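**Q** Build the 3D model from these lines:
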Amino acid sequence: MPMKRAGVPPHQLLHFYTAVIRPVLEYASPVWHHSITRAQSYQLESIQKRAVHITFSDTRGMSYPNVLFVANLNSLKDRRDRLSRSFFHNICKPDSCLHHLLPPSCDTSVISRLRSSTSVPRPISRTTKFQSFPNFALNNYQPPL
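**A** Sure, this is the predicted structure:
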């Protein structure tokens, strides 16, 4: 608010939000994104919505998708999902320092004949609440062959 009162233009306020506040909201999100509740996700989105309302006064009363459109931003949930996918695909590269966390790859001559095949076996778990990121990513981000 003090920046708005000082007469900082809206595009600079938005730049401040994306450079200073949003990184705090997304800190280490690939690690925790898959295990937060809807209520926690909603709370994070409400912070972004409030920042946009402060930046652009005319967005009051608009739906959240319209607010994002006016500010030319993506939802935090979409950003967290994209960051998590990107992080997982980087781990899948053999030269990654975290590649050893993944189980060994399957034999491609065998899996090419299966209906649903993936390059790395999918772990089986009873619950997804306390599942680690590598297991969650193997089950959800791995493209079929």
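
**Q** quick one: the helices in this protein?
**A** Taking DSSP state H as the criterion, the chain contains helices spanning 2-5, 10-16, 22-25, 29-32, 38-55, 64-71, 76-91, 108-111, 133-140.

**Q** quick one: buried residues of the third one?
**A** Across helix 22-25, burial judged by 16 or more other C-beta atoms under 10 Å covers 22, 25. Backbone N, C-alpha and C define where each C-beta goes, glycine included.

**Q** quick revisit: can you put the helices of the chain in JSON lines and add mean pLDDT and distance to His100?
**A** Output for the helices of the chain, formatted as JSON lines (pLDDT from 0 to 100; distance: least, C-beta to C-beta, whole Å):
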{"stretch": "helix 2-5", "mean pLDDT": "70", "distance to His100": "46"}
{"stretch": "helix 10-16", "mean pLDDT": "89", "distance to His100": "39"}
{"stretch": "helix 22-25", "mean pLDDT": "95", "distance to His100": "28"}
{"stretch": "helix 29-32", "mean pLDDT": "87", "distance to His100": "17"}
{"stretch": "helix 38-55", "mean pLDDT": "93", "distance to His100": "31"}
{"stretch": "helix 64-71", "mean pLDDT": "91", "distance to His100": "38"}
{"stretch": "helix 76-91", "mean pLDDT": "90", "distance to His100": "10"}
{"stretch": "helix 108-111", "mean pLDDT": "58", "distance to His100": "20"}
{"stretch": "helix 133-140", "mean pLDDT": "75", "distance to His100": "10"}
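
**Q** Tell me which of those lies nearest to Leu101.
**A** Among those, the nearest to Leu101 by C-beta to C-beta is helix 133-140 (5.0 Å).

**Q** in that closest one, what's buried?
**A** Buried-residue list, helix 133-140, by 16+ other C-beta under 10 Å: 133-139.

**Q** about what we covered before: got the helices of the chain as CSV, with distance to Leu98 columns?
**A** Listed next are the helices of the chain as CSV, based on distance: least, C-beta to C-beta, whole Å:
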stretch, distance to Leu98
helix 2-5, 39
helix 10-16, 32
helix 22-25, 21
helix 29-32, 11
helix 38-55, 25
helix 64-71, 32
helix 76-91, 5
helix 108-111, 22
helix 133-140, 8
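
**Q** I appreciate the help and will end here.
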